[in-house]
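Engineer: Model the following, please.
(chains A, B, C and D)
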2 protein chains.
Amino acid sequence: MAQRVKLSTIGEALGLSTATVSLALRDSPLVADVTRERIKEAARELGYIYNRRAASLRTSRSGIVGVCVHDVMNPFYGEILKSIESELDRHRQTFILCNHHDDLSKQRSFTDTLLQLGADGAILSPALGTPAADIRLAEENGLPVILIARTIEGAGVEGFRGDDAYGMGLAVDHLVSLGHRSIAMIGGTRATSTGREREAGYRAGLERGGIAFRPEWRIEGPRDRHSGFASASEFLALPERPTAIVCFSDLVALGVMYGLARGGVRPGIDVAVVGYDDIEEAEIAMPPLTTVSNGQSEVGERSASALLQRLQGVEAAERTTLIEPQLRVRQSCGAPLPR
Amino acid sequence: MAQRVKLSTIGEALGLSTATVSLALRDSPLVADVTRERIKEAARELGYIYNRRAASLRTSRSGIVGVCVHDVMNPFYGEILKSIESELDRHRQTFILCNHHDDLSKQRSFTDTLLQLGADGAILSPALGTPAADIRLAEENGLPVILIARTIEGAGVEGFRGDDAYGMGLAVDHLVSLGHRSIAMIGGTRATSTGREREAGYRAGLERGGIAFRPEWRIEGPRDRHSGFASASEFLALPERPTAIVCFSDLVALGVMYGLARGGVRPGIDVAVVGYDDIEEAEIAMPPLTTVSNGQSEVGERSASALLQRLQGVEAAERTTLIEPQLRVRQSCGAPLPR
DNA sequence: CTGAAAGCGCTTACAG
DNA sequence: CTGAAAGCGCTTACAG
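Structural biologist: Residues are numbered from 1 along each chain as shown, chains lettered A, B, ... in the order given. Below is the predicted model:
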């Protein structure tokens, strides 16, 4: 099925070559001003639609950037995506989104698709267990990759993420300063760099406070609201109940808080709860959630501009930039509720 | 920059023509079994990457479907997207996601991009104020469109959405049956079909209950968690305070509930609150939220398969299918909390 | 069962 | 400042 209106259609209508039409539509200074205006006008009138596949076949530039994260519905990623989107928009790059739900094969089929479409680059929060070879394969086939949120040893590409160990340390230090000596950690898994880092921060904080780590107070696993909610009963069943909880993420913390409330225990009054990420919902939760801001928008913005740099031809830098997290104290760790 | 390995590279390596290689890789029965296997093996060894832009330029089929909604972070759309994704995945279509944030120009630039990429189709929850002409333009240029969640008069395409008027009626009827005579409605705008329909259902429910509509009890506007939260104080300032609230959406209802709680009024005890959509979070909210299930996954699945039908060549059907909503009674409208 | 050739709609040297 | 021609990597009739 041939295209209705193409460069040659415009050319014929005006008695010009496709070369001139092509140059004019892309604002080349080679074309005389009047000619350009005539061409643009004709294009508009004829309802011309630029054929990007043809152009990209010729130039091997597609204007497409792929972004793949665990789950776009997760507000943590949502805030990163928002800033990636606005950065890429400004540079007229189309962005293709994908959830891999930590499924390696989904992530692979996505990068394959990007390769097949001749995407210009990809921003990836790599699925759990992603081998460095997957990233290198993409790079070797001309697809520049930037990593966000998670790190992969030996991938040899640039990355941006919050300093998770430091941030979780801030949370624990704060609880210790409030006098807590029994602090549980709920959620996260050692299978991701994020999970490992945040647990490391938790342990380091305990150590700084002179508090021994107790394995029964480390409830691993929960990474979303529902499993956080479910884990509250596990916490409540603990023989010796801690007075405070740091959570892997805000989503987990919100689930935990509502789970505690359902069990008749008041978060922020009976048990201190701290989250991680500072998602938008944190400040209007009941009670407002004390949390650690993870610099989502900075991660998004900097990863997008790093990718854009590489598209400009700047050499890849093998380094991971850590964004400094910040503690946001609200009421869930014990301060009185505002009225 | 030429492609490293292409059909001709494989052909040369094996002493075969690109035609045979092309057919073999797509499992044509025309190619002898042994030949096909040799070709596939060579392709694997050489690290061949299929060039979809070249193929699509030739066939004018791209395997791309665009999906554009107000905001992918909104859990209501999230659930629709999830089922669209799995349906399209099964048919090996790549899907491109886009948020228009109710910005017409963003939506237009997205459909332009789809047209330029030669996308096979689009599923759209149209931005506020989308003229029917926008949809027709896409269709005329060979981009089949399916509408979800919102309707556009005169667009002449197929659509799927919940029966919003009926569903909101269910919510009001339930509150009336519990004895409520003063029922406010918070959120939504008359600028969308959804907003209009839900308000119509609210009014119809009041009428069935023999209750007069009171404009001061119709708080328009809020459509997300934050504005719902903010509107709670407006509600609390009402001189004569209603005993129940129906909300435009669960997100609004959750915001309202936490806003009421912040103001010292207990949702589900002092004021009954009902949401709309039955998002996953509704059942673990504090208190668990009574709401109306809007059939998100059915909307997603049916819109995707309707689009796939059209890609098979089935004629467009100009009709909107209404999915029947269902009331989900939980504790936020007055039943006692479970322990 | 396999091959030679044309063509999808662009862009890019190269001439003029 | 404008045009003629080649080529990006596929697929598809058409021959054989």
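Engineer: residues in chain A within reach of DNA strand D, list them.
Structural biologist: Residues of chain A lying near DNA strand D by CB under 7 Å from any atom of the strand: A:15-20, A:23, A:29-33, A:35, A:54, A:57-58, A:60. Heads up, the C-betas are built off the backbone N, CA and C, glycines and all.
Engineer: Any quick ChimeraX command for the buried ones out of the residues you listed?
Structural biologist: For the buried members of the residues of chain A next to DNA strand D, the matching ChimeraX selection, counting by 16 or more other CB atoms under 10 Å in any protein chain shown, is:
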select /A:16,20,23,31,35,54,57
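Engineer: Among the residues of chain A next to DNA strand D, name the ones in helices.
Structural biologist: Judged by DSSP state H, the residues of chain A next to DNA strand D include A:Thr18, A:Ala19, A:Thr20, A:Leu23, A:Asp33, A:Thr35, A:Ala54, A:Leu57, A:Arg58 as members of helices.
Engineer: so can I have TSV of the residues you listed showing pLDDT?
Structural biologist: Below are those laid out as TSV (pLDDT from 0 to 100):
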residue	pLDDT
A:Thr18	94
A:Ala19	94
A:Thr20	95
A:Leu23	95
A:Asp33	91
A:Thr35	92
A:Ala54	95
A:Leu57	93
A:Arg58	93
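Engineer: quick one: which two of those are the most distant?
Structural biologist: Greatest spatial distance among these (CB to CB): A:Asp33 and A:Leu57, at 30.1 Å.
Engineer: Setting the sequence-adjacent residues aside, check what's closest to the residue of the stretch 201-339 of chain A found nearest DNA strand D.
Structural biologist: Across the stretch 201-339 of chain A, no residue is closer to DNA strand D than A:Leu311, which sits at 19.1 Å (CB to the nearest atom of the strand). Closest residue in space to A:Leu311, ignoring its immediate chain neighbours: A:Asp120 at 5.5 Å, by CB to CB, 6 or more residues apart in numbering or on different chains.
Engineer: neighbours of that neighbour, just the number please.
Structural biologist: Residues lying near A:Asp120 (other CB atoms under 10 Å in any protein chain shown) number 23.
Engineer: and A:Glu281, what is it in contact with?
Structural biologist: A:Glu281 makes contact with A:Pro75, A:Asp250, A:Leu254, B:Arg225, according to CB atoms under 8 Å, 6 or more residues apart in numbering or on different chains.
Engineer: Can you tell me the SS state at it?
Structural biologist: Per DSSP: H, G, I helix; E, B strand; the rest coil, the local secondary structure of A:Glu281 is helix.
Engineer: surely the residue nearest to A:Leu311 meets A:Gln93?
Structural biologist: Yes: the criterion here is CB atoms under 8 Å, and A:Asp120 meets it with A:Gln93 at 6.9 Å.
Engineer: list residues touching both of the two?
Structural biologist: A:Gly63, A:Ile64, A:Val65.
Engineer: Out of those, which comes closest to A:Asp112?
Structural biologist: Relative to A:Asp112, the closest of the shared contacts of A:Asp120 and A:Gln93 is A:Ile64; by CB to CB it sits at 13.9 Å.
Engineer: Identify the residue spatially nearest to that closest one, adjacent ones excluded.
Structural biologist: Distances taken as CB to CB, 6+ apart place A:Ala119 nearest to A:Ile64, at 4.4 Å, with adjacent residues excluded.
Engineer: That neighbour: how many residues sit nearby?
Structural biologist: The burial count assigned to A:Ala119 is 25, neighbours taken as other CB under 10 Å.
Engineer: wait, doesn't it sit right on A:Gly66?
Structural biologist: Yes: assessed by CB under 8 Å, A:Ala119 is found in contact with A:Gly66 at 5.1 Å.
Engineer: Overlap of the contact sets of those two?
Structural biologist: A:Ile96.
Engineer: about what we covered before: can you tell me which of the shared contacts of A:Asp120 and A:Gln93 lies closest to DNA strand C?
Structural biologist: A:Gly63 (10.6 Å).
Engineer: now that closest one: how far from A:Leu115?
Structural biologist: 15 Å (CB to CB, to the nearest Å).
Engineer: which residues sit in contact with A:Gly201?
Structural biologist: Contacts of A:Gly201 by CB under 8 Å, 6+ apart are A:Asp164, A:Ala165, A:Tyr166, A:Gly167, A:Met168, A:Gly169, A:Ala171, A:Val172.
Engineer: Which of the helices or strands spans the fifth one?
Structural biologist: Put plainly, it is A:Met168. In the assignment (DSSP states H and E), A:Met168 maps to helix A:164-177.
Engineer: what's stretch A:6-24 in contact with?
Structural biologist: Residues from elsewhere that reach stretch A:6-24, judged by CB under 8 Å, 6+ apart: A:25, A:30-31, A:35-36, A:38-40, A:42-43, A:46, A:48, A:51.
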